[in-house]
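In: I would like to see how this sequence folds:
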Amino acid sequence: MRFSELLRAQAEMQGRVSAMTDAMGSRQAELNRAINQRLDGMSHRLGSSITEQTKSTHDNLRKLQERLAVIDAAQNNIQTLAKDVVGLQAILSNKQTRGAFGQGRMETIVADGLPQGAYGFQTTLSNGLRPDCTITMPNGAPPLVIDAKFPLEAWHAFRDATQPEARKAGSQQFRRDLEVHIKDIADKYLISGETQDTAFLFVPSESIFAEIHEHFGASIEKAQRLRIVIVSPSLLMLSIQVLQALLKDQRTREQAHLIQAEVALLMDDLLRLDERTRKLQAHFQSAQKDVEQILTSSDKLARRGARIGALELEQVPPPLAETRPERSIESRTGLLKLRVVDED
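Out: Residues are numbered from 1 along each chain as shown. Model prediction:
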């Protein structure tokens, strides 16, 4: 009996173990399926994130390459500009080339603003000197002298000085050079009766012109007393435009008699045109009267045609019928009886 009970307990235990095994197998399958689903979702999200990250990286690399290309182009421009600056510095460091540079800018401004024959370069004065430019003034006035030889050695020393003492010494040297040059222009080029009593000193740089007016007011006052006007490229261009307007006004006044003669001829032509227009108007009025008379005749013809259209045409009876031969008209369709209706 005990053995049978043990067998029964063992069978129950085996059933329970089998049930637990089945339950554990189903739970394991569900767990594996859930894990696989989550792994698939995680793999999809990771793939999408990696794709987006790759695309973003490619876009950033492309933008970076574009910016690097722009930086390379800017660097090339900076290098070119640096070469130009070095060349300009080499030009300005040489006194002869510097003078040619300033004179070239001045000649360009004058040649662009004035017509041929209104200016001259390196013309010889009565004292044998040759100013850089002379501009013909209107009304037979003496020419205006422009000098483009501006002293820049002391200016560079003043600008490049870092110590206060060196800067002060450079300032004094530049002031002396500038005032000496102003006095030379006044002594050489201001000739009574031959040139204007005022001359231009051309400064080829707007920044130097501003610095002179800011730090060297005494030199500006001395130039004004000696009737020397310091001009920058913009001021020289403005002065040239004013001179151009004056020359244009002078040419207009010189040609005033020709303009008056042309206006008189124009008035004669206008009077002849008015006379011919009036004749043409008379012809048009006469033609209009003729047209009105033609319209009157056409109206009469239309009324007569309407009266003819109002005639009553009746079919004539056979030849045996009583007719009035004197009022009959023979036609292709037979004999018609005509009765005349006179409204008058």
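In: quick one: the residue sitting nearest the centre point of the chain and residue 105, what's the gap?
Out: In the chain, the residue lying closest to the centroid (Cα atoms, centre = their mean) is residue 112, at 20.5 Å. Distance, residue 112 to residue 105, using Cβ to Cβ, to the nearest Å: 11 Å. C-betas here are computed from N, CA, C, even on glycine.
In: Same question for residue 204.
Out: Taking Cβ to Cβ, one finds residue 204 at 5 Å from residue 105.
In: Now for those two: what residues contact both?
Out: Both residue 204 and residue 105 are contacted by 148, 233, under the criterion Cβ atoms under 8 Å, 6 or more residues apart in numbering.
In: More neighbours: these two, which one.
Out: residue 204 (21 against 17; other Cβ atoms under 10 Å).
In: Contacts only, for the residue nearest to the more buried one when sequence neighbours are not counted.
Out: Spatial nearest neighbour of residue 204, excluding adjacent residues (Cβ to Cβ, 6 or more residues apart in numbering): residue 102 at 4.0 Å. Counting by Cβ under 8 Å, 6+ apart, residue 102 makes contact with 148-150, 202, 204.
In: Now the strand or helix carrying residue 102: average pLDDT?
Out: Taking DSSP states H and E as the criterion, the element that holds residue 102 is helix 95-113. Averaging pLDDT along helix 95-113 gives 70.
In: Surely residue 196 is within a helix?
Out: No. Residue 196 is assigned coil when assessed by DSSP: H, G, I helix; E, B strand; the rest coil, not a helix.
In: if I read this right, it contacts residue 145, doesn't it?
Out: Yes. Using Cβ atoms under 8 Å as the test, residue 196 is close enough to residue 145 to be in contact (7.0 Å).
In: of the two, who's got more company?
Out: residue 145 (26 against 18).
In: So residue 145: helix, strand or coil?
Out: Here residue 145 is strand, with the state taken from three-state DSSP.
In: Okay, it and residue 184: tell me how far apart.
Out: Relative to residue 184, and taking Cβ to Cβ, residue 145 is found at 12 Å.
In: joint contacts of residue 196 and residue 145?
Out: residue 190.
In: Out of the contacts of residue 102, which two are the most distant from each other?
Out: For the contacts of residue 102, the farthest-apart pair by Cβ to Cβ is 149 and 204; their separation is 10.3 Å.
In: By mean pLDDT, flag the weakest helix or strand of this protein.
Out: strand 328-331 (a mean of 46; mean pLDDT, DSSP states H and E).
In: hang on, residue 253 in a helix?
Out: Yes. According to three-state DSSP, residue 253 belongs to a helix.
In: tell me what the one helix or strand residue 172 maps to is packed against?
Out: Residue 172 is part of helix 164-189 when elements are defined by DSSP H and E. Using 3 or more Cβ pairs under 8 Å, 6 or more residues apart in numbering; DSSP states H and E, the elements in contact with helix 164-189 are strand 144-147, helix 153-160, strand 199-202, helix 217-225, strand 228-231.
In: now with 6 Å?
Out: helix 153-160, helix 217-225, strand 228-231 (3 or more Cβ pairs under 6 Å, 6 or more residues apart in numbering; DSSP states H and E).
In: buried ones in that helix?
Out: Across helix 164-189, burial judged by 16 or more other Cβ atoms under 10 Å covers 170-171, 173-175, 177-179, 181-182, 185-186, 188-189.
In: shaky segments in this structure?
Out: 84-101, 254-255, 312-344 (pLDDT under 70).
In: just checking, what's the longest helix in it?
Out: helix 2-93 (DSSP state H).
In: How far off centre is the host helix or strand of residue 288?
Out: Following DSSP H and E, the helix or strand that holds residue 288 is helix 256-309. Its chain's C-alpha centre and that of helix 256-309 lie 50 Å apart, by Cα atoms, centre = their mean, to the nearest Å.
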